[in-house]
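# Here you go, sequence then predicted model.
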Amino acid sequence: METRYATSSDVSSLGQLMTELGYPTSSDEMAARIAAVANRADHAMFVAVEDGAVAGMVAVSTSPSLYRSDPQGAIVALVVSSRFRGCGVGALLVGCGETWLRDNGVSYVTVKPSKHREDAHRLYARLGYEHTGLRFSKSLD
C-alpha cells in the first residue's frame with residue numbers, strides 16, 4: 001500500500017469516503033472542498049492506495065497557537081473505506097499526516113473524533129494519543 005497527496009483524480013473516491021463516514025458528499029462538493037485548500041501551505045490531504053483503489057484519506061492542518069510557541073497541528077479528517085478496515089490503513093495515514101506536520105514545524109497535534117466513533121478512539125489511543133478533553137459544537141445556520 002502506498003500513500004500520496006490527494007489529487008483531483010481522487011474526487012469521486014473521496015466523496016464516497018466522506019459519504020461512508022456519514023457526511024453525504026457529491027463529487028462536485030468534494031471538488032469544491034479540495035479546491036478551497038489545494039494551494040494553502042497550512043493544509044494537506046493524503047490518500048492510501050491499494051491496487052489503484054483509494055483505501056482511505058487523511059487531512060491535516062497547521063495554525064498559529066496562542067498557548068504554544070510552535071504551530072498547532074490537527075488531524076482534520078481521517079476515513080478508511082470499509083473494504084480496507086482492520087488492515088493498518090488508518091495507522092499508515094495518521095503516520096503520513098504526522099510526518100507532514102513535523103516537517104511543517106508542528107510538535108503537538110490534536111484530533112477531535114466524534115464521541116460515537118469508538119473504533120477511531122481505539123486507533124488514536126494505540127498510536128499514543130491521549131484523551132485530554134471534551135469538545136462542544138453548535139450549528140450556526
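Alright, I've got the coordinates. Residues are numbered from 1 along each chain as shown.
# does G73 count as helix, strand or coil?
Here G73 is recorded as strand under DSSP: H, G, I helix; E, B strand; the rest coil.
# Mind naming the longest strand for the chain?
For the chain, the longest strand by residue count, based on DSSP state E, is strand 53-63.
# just the strands in this structure please.
All strands of the chain, identified by DSSP E, fall at 2-5, 43-50, 53-63, 72-80, 109-111.
# Need those in TSV (columns: distance to M18 and mean neighbour count).
Using the backbone N, CA and C atoms, a C-beta is placed for each residue, glycine as well. Shown next, in TSV, are the strands of the chain (distance: least, CB to CB, whole Å; neighbours: other CB atoms under 10 Å):
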stretch	distance to M18	mean neighbour count
strand 2-5	17	13
strand 43-50	12	20
strand 53-63	9	22
strand 72-80	7	21
strand 109-111	17	17
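# rewinding a little: and the longest strand of the chain, what's its mean pLDDT?
Averaging pLDDT along strand 53-63 yields 96.
# C-alpha coordinates for that strand, PDB please?
Below are the C-alpha coordinates for strand 53-63, written out as PDB (Å, rounded to 0.1, in the frame of the first residue of the first chain):
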ATOM      1  CA  ALA A  53      -8.200   1.900  -5.300                       C
ATOM      2  CA  VAL A  54      -8.300   4.700  -2.700                       C
ATOM      3  CA  ALA A  55      -8.400   2.800   0.600                       C
ATOM      4  CA  GLY A  56      -8.600   5.900   2.800                       C
ATOM      5  CA  MET A  57      -7.700   9.500   3.300                       C
ATOM      6  CA  VAL A  58      -6.300  11.900   6.000                       C
ATOM      7  CA  ALA A  59      -6.400  15.600   6.000                       C
ATOM      8  CA  VAL A  60      -4.100  17.700   8.300                       C
ATOM      9  CA  SER A  61      -3.700  21.400   9.000                       C
ATOM     10  CA  THR A  62      -1.500  23.800  10.900                       C
ATOM     11  CA  SER A  63      -2.400  27.000  12.600                       C
END
